[in-house]
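> This is a predicted model, with the sequence first.
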Protein chains: 2
Amino acid sequence: MKLAVVGAGAVGTSVVELAGEYGHDVVAVADSATAAVDEGGVDAEGVLARKRDEGVVGDANPEAALSADYDALVEATPTTLGDAQPGFSHVERALGRDRHVVLANKGPLAERYDEVRALEADSRGTVLFEAAVGGAIPILSTIDDLNGQVTAARGVLNGTANFILSRMAAEGLDYEHVLAEAQDLGVAEADPTFDVEGTDAALKCVILANVLYEDSYALADAEVEGIADLPGSALELAAEDGRTIRLIGEVADGEVRVGPRLLPENGTLAVSGTLNIIQLETKHAGRLNISGRGAGGPETASAVLADVGRLPPLE
Amino acid sequence: MKLAVVGAGAVGTSVVELAGEYGHDVVAVADSATAAVDEGGVDAEGVLARKRDEGVVGDANPEAALSADYDALVEATPTTLGDAQPGFSHVERALGRDRHVVLANKGPLAERYDEVRALEADSRGTVLFEAAVGGAIPILSTIDDLNGQVTAARGVLNGTANFILSRMAAEGLDYEHVLAEAQDLGVAEADPTFDVEGTDAALKCVILANVLYEDSYALADAEVEGIADLPGSALELAAEDGRTIRLIGEVADGEVRVGPRLLPENGTLAVSGTLNIIQLETKHAGRLNISGRGAGGPETASAVLADVGRLPPLE
């Protein structure tokens, strides 16, 4: 397939780097200010080197990428809340042109899901978004495979919060100390709000709810509590009882909740470090657990490219 | 789809029971001596009651089920080694008639994989077999989704052996004692050879190798060691060092191996009881772990029915 990649952060640049290995051609790449477009396939190495060295992907206007002749648009711009722009308008334009859309961006799926599905229904294009939930973990394709059998989902959906909690528990350190360490290691961003307040995990749970219930949940429908106020003493008390605390997102009985939860210390859900895990409850297949890397450029890009591989041919 | 279910053990009868819920019709059911055939759909409850009460599924000859007008044959007869009969001939007949085949039976896939693939290549039918490896765990569809990215697979693929080892470790009991308990609970069969000698896990690994390497491995190509000779003292020694022992199957570097392995006691692979887990190493997506129920009638039937849902329409 011919891909236009919009967004040149860790995920977008990894898609550009790996697309060829999956048999696809990147014909356009855009960051927020520039674009590179080549109908014969952009020079991936050149684009990546220029992004790294000069902070731009090419000499064209981003508009040139959006109007390029592609089969599938890869939407990898940063997740935004509310109107979910500019991601939503990129989705709208691609579907309006009867092209496919593969999203890594959670915004349009968590905040404007019914609109995205309505646009898809009027388009010959298909919308897929495995990369938006759980990074490399193939959770949406597993849910799809289970044919409506999944009744609930829960798990650890934010690696930054999980890293902080596992370090606090293992080392007896307090939140501020571990956050600083996580920032030094590049595991937490300079502004960690999205991760530690539970917003990122909640967006993923909202998307799971939209898929499981074929409904249109938004962030405002989720009950969300983060980990920033969790005292180190809570983890110590939990440990005395063979337990630990993790930030758990849950979709069950029509509700979406994210918050710190007490878990058995060696229980399935108590994964360590930046790992993510999702547990599915099913009608006939019991409980399934899938764990893996929930973030990272190549990891998330491989979920994007798996989606590209699932797209039907454009008629 | 119209299904013919051959084999009326735990998996076959569960497929008959659940097919309607997945939107499919069972038009024929056979056990080793009898069959029920109805082009309008067999009376599932009636067939299951008769199997339970009288040990037969109907008044017809099994031959009538094999020649019925179905879209997909569900092969759920017991796994046999060597010539993998009668499963192999059922597969051969269905593909010869240009029908689909969904296998829960490991025999034809582990012992005669190249022949099955050659028959499929000459047929308009498709062969799928998610249920043959890891029961409810969607491991083959995950490997398929990963587009050739998987470089190795390992894990716990036999619930009976895992139950025995986890009980031995947790209670300090010896093998014979725990085996008797497992037999009482129905977790181990009267003749547990297939499970405790590692054969069952090896067959699953051979099938994984066939899928990963697109080659034709057979049981004879696997290096297999079971758990029957493992002294309780080995588990005690392991525990003193924070470790435990599990029967691990592995497909890596072109080789298939099954045997007892030392693992960290709370490590990802050290699942408890009858749970199964499979760990995939990938090129770009890191390591994925999937755990769930590796056996059981409804669990395995739900993998069979997920495969049925994936079959293309017969042209």
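On my side now, so go ahead.

> phi, psi of A:Val57?
phi -100, psi -20 (degrees, to the nearest 10).

> So what's the gap between stretch A:282-291 and the chain middle?
21 Å (CA atoms, centre = their mean, to the nearest Å).

> Pull out the buried residues from it.
A:282, A:284-286, A:288-291 (16 or more other CB atoms under 10 Å in any protein chain shown). For glycine as for every other residue, the C-beta is placed from the backbone atoms N, C-alpha and C.

> Can you narrow those down to the ones near chain B?
A:282, A:284-286, A:288-291 (CB under 8 Å from any CB of the partner chain).

> Just the ones in strands from those, please.
A:282, A:288-291 (DSSP state E).

> Without its sequence neighbours, what residue ends up closest to the residue nearest the centre of chain A?
Most central in chain A under CA atoms, centre = their mean is A:Ala132, positioned 2.8 Å from the mean C-alpha point. Excluding the flanking residues, the one nearest A:Ala132 by CB to CB, 6 or more residues apart in numbering or on different chains is A:Lys106, at 4.7 Å.

> got a list of what that neighbour touches?
A:79, A:132-133, A:200, A:203-204, A:207 (CB atoms under 8 Å, 6 or more residues apart in numbering or on different chains).

> These, buried ones only, as a PyMOL selection?
Only the buried entries of the contacts of A:Lys106 go into this PyMOL selection, using 16+ other CB under 10 Å:
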select buried, chain A and resi 79+132+133+200+203+204+207
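
> ok, which stretches of chain A are strands?
Along chain A, counting by DSSP E, strands occupy A:2-6, A:25-30, A:35-37, A:72-75, A:100-103, A:127-128, A:150-156, A:222-224, A:243-252, A:255-264, A:275-282, A:287-293.

> How about residues contacting the fourth one?
Spelled out, that is strand A:72-75. A:1-7, A:12, A:15, A:66, A:87, A:90-91, A:94, A:99-105, A:108, A:125, A:304, A:308, A:311.

> count of residues packed around the residue nearest to A:Arg154 when sequence neighbours are not counted?
Here the nearest residue to A:Arg154 in space, its sequence neighbours aside, is A:Glu250; by CB to CB, 6+ apart that works out to 4.0 Å. Close neighbours of A:Glu250, defined as other CB atoms under 10 Å in any protein chain shown, add up to 23.

> show me what contacts A:Glu250?
A:152-154, A:205, A:256-258.

> Pull up the residues of chain A that are close to chain B.
A:14, A:18, A:22, A:136-138, A:141-142, A:145-147, A:149, A:266, A:268, A:282-293, A:296, A:298-299, A:301-303, A:305-306, A:309-310.

> So which of the residues you listed sit within helices?
Among these, the ones falling in helices (DSSP state H) are A:14, A:18, A:141-142, A:145, A:298-299, A:301-303, A:305-306, A:309-310.

> Would you mind checking those for buried ones?
A:14, A:18, A:141-142, A:145, A:298-299, A:301-303, A:305-306, A:309-310.

> which one in those residues is the model shakiest on?
Among these, A:Asp145 carries the lowest pLDDT, at 86.

> I'd like the distance from stretch A:155-171 to the chain centre, please.
Going by CA atoms, centre = their mean, where stretch A:155-171 is centred and where its chain is centred differ by 18 Å.

> For the stretch 51-200 of chain A, which segments count as helices?
Using DSSP state H, counting those that start in this stretch, the helices of the stretch 51-200 of chain A run over residues A:62-66, A:87-96, A:107-111, A:113-121, A:139-145, A:159-171, A:175-185, A:193-196, A:199-213.

> if we can go back for a sec, can you name the residues bridging to the residue nearest to A:Arg154?
Beta bridges link A:Glu250 to A:Arg154, A:Arg257 when assigned by DSSP bridges.
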